[in-house]
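Asker: Attaching a predicted model along with its sequence, questions to come.
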Amino acid sequence: DNTFYLFKLYFLYIFSLLCKKGFEMAHIQIKINNLYPTEEGSYLLVMEDIDSGKKFGILTMKNEAMYITSFSFGKRPPRPSLYELFSDFLVEENYKLQKVVLTQYKNNIYYATLNCINWKTNVEKYIDIKATDAIALAYLNNIAIFAEEQVIIECSELYNHIINKMEEKYKKQSTSINHT
């Protein structure tokens, strides 16, 4: 039957497009809203959806928080960091960072990818990376940070009360790194 054959071709075509695209979900651009020290010695990195204003938190250690803050202000340490060495390595291998994507939140862990492209071969590469390292690399290389829509929905509900407490506590003594 021709109808079935056409349907099968259409299905295979759609399937090939989805495979090529990697079943990408909606990527929503996010930015750092603020950074707060916690009582446990870590830091709460508050991320914000640029369009909706929804906020969610990522816990990070002091050293990572220092690099993220420095890079977000365009400052670099006196000696090359591993972030800078990794960025240089990508350039030497003909790769350009395109964007960072927070892809998943599972068992209290954020998952992220560095989306790169080889400018000589046009081959895309997706590198699995810790979210805070991805954010540091994004600010170091001045590239956009995105999150899957589901990550923002789930984590903004999860972190909403914590962020509100932190904002109230540090209202007068903000360590804000709120800029684009």
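Answerer: Okay, I see it.

Asker: Tell me who's in contact with residue 113.
Answerer: Going by Cβ atoms under 8 Å, 6 or more residues apart in numbering, residue 113 touches 100, 101, 103, 126, 127, 128, 129, 134. C-beta coordinates here come from the backbone N, C-alpha and C atoms, glycine included.

Asker: And what about it, helix, strand or coil?
Answerer: When classified by DSSP: H, G, I helix; E, B strand; the rest coil, residue 113 comes out as strand.

Asker: Now for the chain, the helix or strand with the poorest mean pLDDT.
Answerer: helix 2-21 (a mean of 58; mean pLDDT, DSSP states H and E).

Asker: next one: stretch 47-54 to chain centre, how far?
Answerer: 13 Å (Cα atoms, centre = their mean, to the nearest Å).

Asker: and it, which residues are buried?
Answerer: 47, 48, 49, 54 (16 or more other Cβ atoms under 10 Å).

Asker: Spatially, which two of the residues you listed are the most separated?
Answerer: Across these, the longest distance by Cβ to Cβ is 9.2 Å; it joins 47 and 54.

Asker: Show me where this protein has its helices.
Answerer: Taking DSSP state H as the test, the helices found in the chain are 2-21, 62-72, 82-92, 131-141, 149-169.

Asker: same for the third one, what does it pack against?
Answerer: So that's helix 82-92. Contact analysis of helix 82-92 by 3 or more Cβ pairs under 8 Å, 6 or more residues apart in numbering; DSSP states H and E lists strand 95-106, helix 131-141 as its packing neighbours.

Asker: Let me have these in a markdown table, extended by mean pLDDT and mean neighbour count.
Answerer: As requested, the helices and strands packed on helix 82-92 are exported to a markdown table (pLDDT from 0 to 100; neighbours: other Cβ atoms under 10 Å):
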| stretch | mean pLDDT | mean neighbour count |
| --- | --- | --- |
| strand 95-106 | 96 | 20 |
| helix 131-141 | 96 | 24 |
